[in-house]
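Student: quick check, what structure comes out for this input:
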Amino acid sequence: MGGYASGTVAGALTRRYHALLVAALPPPLGRVVILNSLSECIVTNNGKRFCPGAEHTFTSGIALYGLSCLKEFRLESGIPVWRYNFDGNVLEKRLLMPYRQNTIHITFSLLSSGGSCSIELRPFLQFRSHDSPLGESIYKSYSFIARGNRYEITGENSSPVLRLFVIGNDSRFTLDGGTESKIHHSEEAQRGYDFIGQLWSPGIITAKIYPGANVTLVASSEPWETVLSLSPEEALKAHKARISHLLSSSVPDARDEIAAELVIAADQFIITPVRDAKPIHTQESDTEARSVIAGYHWFTDWGRDTMISLEGLTLVTGRLAEARWILRTFGQYIYEGLIPNLFPEGQHEGMYNTADATLWFFHALHRYLQYSSDRETLLQLLDSLLDIVEYHLEGTLFGIGVDKKDGLLRQGEEGYQLTWMDAKVGDWVVTPRRGKAVEINALWFNALVLLEEWVRRERGVHESSFLSEAAQRAYRSFNERFWYKEGGYLYDVVDGEQGYDTSLRPNQILAVSLDNPVLDKNRWGAIVNIVRERLLTPFGLRTLDPGHPMYKSVYYGDLRARDAAYHQGTVWAWLIGPFIDAWLKVNPSDKERARKFLEGFGSHLDEGCVGSISEIFDAEPPFTPRGCIAQAWSVAEVLRCLVKTA
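Tutor: Alright, predicted model coming up:
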């Protein structure tokens with residue numbers, strides 16, 4: 001659904017997005033933090049106190065804090081598990097979010113054979129949008145209602161509701177008039193944002209915990225009948241069965257080692273979008289809409305990211321039905337020849353400021369058809385695809401349209417950034433690419449060739465001839481105009497605001513990597529070699545040649561400083577996919593070398609977001625991970641290429 005739990009292994013809240021439950025709610029709310037943290041304390045029979053969380057959380061009395069006693073952290077079928085040793089005891093904690101629920105189960109298990117202990121849990125909360133400044137609460141005050149061992153906390157207008165349910169022996173909730181705690185969020189301070197959060201707690205939950213038995217705190221924004229529909233044991237069993245099914249449904253080369261970890265990671269991005277009081281449905285009565293969260297924490301579902309990610313997230317993993325639903329969902333949102341660039345947080349309607357997402361739609365559909373041979377979906381979308389091309393030939397929004405003089409696709413409108421290099425600070429477009437961008441025209445040619453084939457097969461040559469003519473013209477003009485002879489590579493933009501842009505960037509790799517390459521085959525090797533020499537790193541491709549005067553090696557600082565580096569050298573993991581595709585076109589027998597280009601990602605799964613792949617990396621060693629901690633197209637393209645090079 002797009003909700004999540006996120007935090008540090010130590011339990012410290014360092015980002016505004018760190019919370020035990022961020023619920024995905026209908027507009028206008030969007031994703032809302034409703035349970036920020038939980039102060040945890042174990043009291044042994046001899047009165048010793050052990051608090052496995054970070055020291056900034058509330059405790060009473062003298063306690064031993066958890067970092068010195070943390071003995072193990074692991075992912076178990078995607079579930080985070082902590083193990084602590086204290087005073088001869090072993091305590092295990094795990095977090096589980098049941099599938100398709102805004103719910104989290106926080107389970108504590110005493111694994112040692114000693115006596116019982118008491119556990120004290122103090123919930124802290126601040127209802128707010130997950131992306132809002134830390135000082136902006138939705139409500140100024142909260143109300144608390146208890147019904148036996150079921151508890152509800154609401155704001156002034158009773159929405160959303162945090163429901164708490166304790167499963168354990170002798171549990172009780174003791175109200176103490178409320179406790180406030182100010183938290184310094186170090187990552188937010190570093191990023192130049194508001195970094196002091198004010199959390200409130202109504203009291204302390206206590207329960208007895210015995211060896212071999214569990215205490216579980218269930219927190220949810222769902223109705224009680226949903227919250228109580230599965231016991232923690234049933235939810236855990238269902239989760240493990242689901243993960244086992246995901247792995248067994250994936251292609252054989254994705255069922256073990258790093259690829260299997262990424263199959264589990266991929267599952268986190270595929271969502272049923274909540275844009276109404278209920279999940280939206282496609283026109284098919286028996287299927288729900290599907291989309292892809294581009295990255296956690298702050299991205300919503302983006303058209304471009306979804307289409308690039310489709311093969312790795314859904315096709316390699318055997319989720320063909322969901323791939324079909326994703327394609328049909330976006331097919332319903334086509335407007336004047338464009339699919340949405342993104343759906344903003346907490347809103348019903350999409351934004352269409354993109355020149356490439358729609359062209360990636362053709363690529364994604366083609367890959368889906370290769371896996372599925374689903375002619376019905378192709379026929380359902382075919383008229384819409386023809387409309388897309390007609391709009392592009394005649395001109396559509398944001399200056400997107402074919403230049404009648406050379407048949408190349410141009411794009412650009414003042415104040416908008418329409419390609420994937422889309423950083424913008426206020427009125428400053430950091431990488432202005434108005435004109436005819438290299439990857440846009442590679443995608444345009446690929447779309448024309450694919451559509452010509454589909455139309456010719458389904459409707460005959462007479463219906464497809466105009467597509468063939470448009471493709472041939474684009475091919476001739478591209479090879480005449482984009483080759484930068486002095487540099488031995490492709491211009492990044494022609495007919496741009498500054499004429500011809502000679503910046504050496506990774507966008508040109510798409511002229512080789514796509515299924516229908518627009519670049520003459522005789523020049524493929526030159527492009528692959530210069531990209532490998534100047535842009536390739538262990539974690540993807542740099543976005544700019546290190547020799548360029550605007551090159552930035554580190555992505556760090558406030559928003560302006562970060563966006564200045566976002567596409568000016570910063571490494572993007574997803575670009576490893578097109579590079580490997582291009583490499584294997586030039587070196588078809590060298591899968592072993594192609595596989596080595598992916599080796600760095602193995603160690604990365606233990607940093608950043610454990611078990612996932614970050615959005616971006618610094619451009620120089622040690623290639624520090626930056627940006628979103630878990631990015632859909634990073635996971636998708638690495639997974640796809642692991643399978644391709646197996």
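
Student: how close does the closest residue in space to Leu35 that isn't next to it in sequence get to Leu95?
Tutor: The spatial neighbour of Leu35 that comes closest, neighbours along the chain excluded (C-beta to C-beta, 6 or more residues apart in numbering), is Leu21 at 4.1 Å. C-beta coordinates here come from the backbone N, C-alpha and C atoms, glycine included. Leu21 sits 10 Å away from Leu95, going by C-beta to C-beta, to the nearest Å.

Student: give me the more crowded residue out of the two.
Tutor: The residue with more neighbours, out of Leu21 and Leu95, is Leu21; 24 against 16, by other C-beta atoms under 10 Å.

Student: so which strand or helix has that one?
Tutor: For Leu21, the element it lies in under DSSP states H and E is strand 19-25.

Student: and that strand, what does it pack onto?
Tutor: When contacts are defined as 3 or more C-beta pairs under 8 Å, 6 or more residues apart in numbering; DSSP states H and E, strand 19-25 packs onto strand 4-6, strand 30-35, strand 37-43, strand 103-110, strand 214-220.

Student: got a list of contacts for stretch 160-170?
Tutor: Surrounding stretch 160-170, the residues in contact under the criterion C-beta atoms under 8 Å, 6 or more residues apart in numbering are 21, 23, 25, 29, 32, 34-35, 119, 123, 125, 127, 149-154, 173, 205-210, 213-222, 224, 227-228, 231-232.

Student: just the buried ones from the residues you listed?
Tutor: 21, 23, 25, 29, 32, 34-35, 119, 123, 125, 127, 150-151, 153-154, 173, 205-207, 209, 214-222, 227, 232 (16 or more other C-beta atoms under 10 Å).

Student: so how far is stretch 84-97 from its chain's centroid?
Tutor: 29 Å (C-alpha atoms, centre = their mean, to the nearest Å).

Student: start and end of that stretch, how far apart?
Tutor: 22 Å (C-alpha to C-alpha, to the nearest Å).

Student: strands paired with the longest strand seen in the chain, and their directions?
Tutor: Ranked by number of residues, the top strand in the chain under DSSP state E is strand 169-184. Sheet partners assigned to strand 169-184 using DSSP bridges are listed as strand 196-209 (antiparallel).

Student: can you give me the neighbour number for the residue nearest to Ser309 when sequence neighbours are not counted?
Tutor: Residue nearest to Ser309 in three dimensions, not counting chain neighbours: Ala636, with 3.8 Å by C-beta to C-beta, 6+ apart. Neighbours of Ala636 under the rule other C-beta under 10 Å: 31.

Student: I'd say Ala636 and Ala265 touch.
Tutor: No: at 9.5 Å, Ala636 does not count as touching Ala265 under the criterion of C-beta atoms under 8 Å.

Student: tell me where this structure is predicted with low confidence.
Tutor: 54-67, 113-114, 158, 276-287 (pLDDT under 70).

Student: residue contacts, the nearest residue to Pro517 once chain neighbours are set aside?
Tutor: Using C-beta to C-beta, 6+ apart and skipping residues adjacent in sequence, the residue nearest Pro517 is Ala511, 6.2 Å away. The neighbourhood of Ala511, defined by C-beta under 8 Å, 6+ apart, consists of Val438, Glu439, Ala442, Phe478, Phe482, Leu490, Pro517, Val518, Leu519, Ile527.

Student: ditto for Lys585
Tutor: Contacts of Lys585 by C-beta under 8 Å, 6+ apart are Val512, Ser513, Pro517, Trp524, Val528.

Student: re the thing from before, contact partners of the strand holding Leu21?
Tutor: Looking at what lies outside strand 19-25 - C-beta under 8 Å, 6+ apart - the contacts are 1-7, 13, 30-38, 95, 102-104, 106, 130, 160, 162, 219-221, 271, 274, 297.

Student: one step back: so which of the helices and strands packed on strand 19-25 gets nearest Tyr368?
Tutor: Nearest to Tyr368 among the helices and strands packed on strand 19-25 is strand 4-6 (26.8 Å), distances taken as C-beta to C-beta.

Student: how is this structure carved up into domains?
Tutor: 4-243, 250-374, 403-530, 535-646 (automatic domain parsing).

Student: select, out of the ones you listed, the one closest to Leu381.
Tutor: The nearest among these, by C-beta to C-beta, is domain 250-374 at 5.1 Å.

Student: burial of Thr317, as a residue count?
Tutor: By other C-beta under 10 Å, neighbour count at Thr317 equals 28.

Student: that one contacts Ser249, doesn't it?
Tutor: Yes: judged on C-beta under 8 Å, Thr317 makes contact with Ser249 at a distance of 6.8 Å.

Student: thinking again about what came up before, overlap in contacts, Leu21 and Leu95.
Tutor: Each of Ala5, Ile104 lies in contact with both Leu21 and Leu95 under the rule C-beta under 8 Å, 6+ apart.

Student: was I right about Asp194 contacting Leu134?
Tutor: Yes: counting by C-beta under 8 Å, Asp194 touches Leu134, with 5.1 Å between them.

Student: out of these two, which sits in the more crowded spot?
Tutor: Leu134 (23 against 14).

Student: my read is that one is in a strand, agree?
Tutor: No: secondary structure of Leu134 (DSSP: H, G, I helix; E, B strand; the rest coil): coil, not part of a strand.

Student: what's the nearest residue to it if we skip its chain neighbours?
Tutor: According to C-beta to C-beta, 6+ apart, the nearest residue to Leu134 is Gly197 (3.9 Å).

Student: look up how far Thr354 lies from Asp422.
Tutor: Counting by C-beta to C-beta - Asp422 and Thr354 are separated by 8 Å.

Student: with just CA atoms, put stretch 1-18 into CSV.
Tutor: Taking Å, rounded to 0.1, in the frame of the first residue of the first chain, the C-alpha atoms of stretch 1-18 are listed here in CSV:
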residue,chain,number,x,y,z
MET,A,1,0.0,0.0,0.0
GLY,A,2,3.0,2.3,0.3
GLY,A,3,3.1,2.5,4.1
TYR,A,4,6.2,1.4,5.9
ALA,A,5,8.2,1.0,9.0
SER,A,6,11.8,2.4,9.0
GLY,A,7,14.5,3.0,11.5
THR,A,8,18.1,2.4,12.6
VAL,A,9,19.4,-0.8,14.0
ALA,A,10,20.3,1.1,17.2
GLY,A,11,16.8,2.4,17.5
ALA,A,12,17.8,6.1,17.2
LEU,A,13,15.5,8.4,15.2
THR,A,14,17.8,10.2,12.8
ARG,A,15,15.3,11.0,10.0
ARG,A,16,11.9,12.5,9.9
TYR,A,17,10.8,9.3,8.1
HIS,A,18,11.9,7.0,11.0
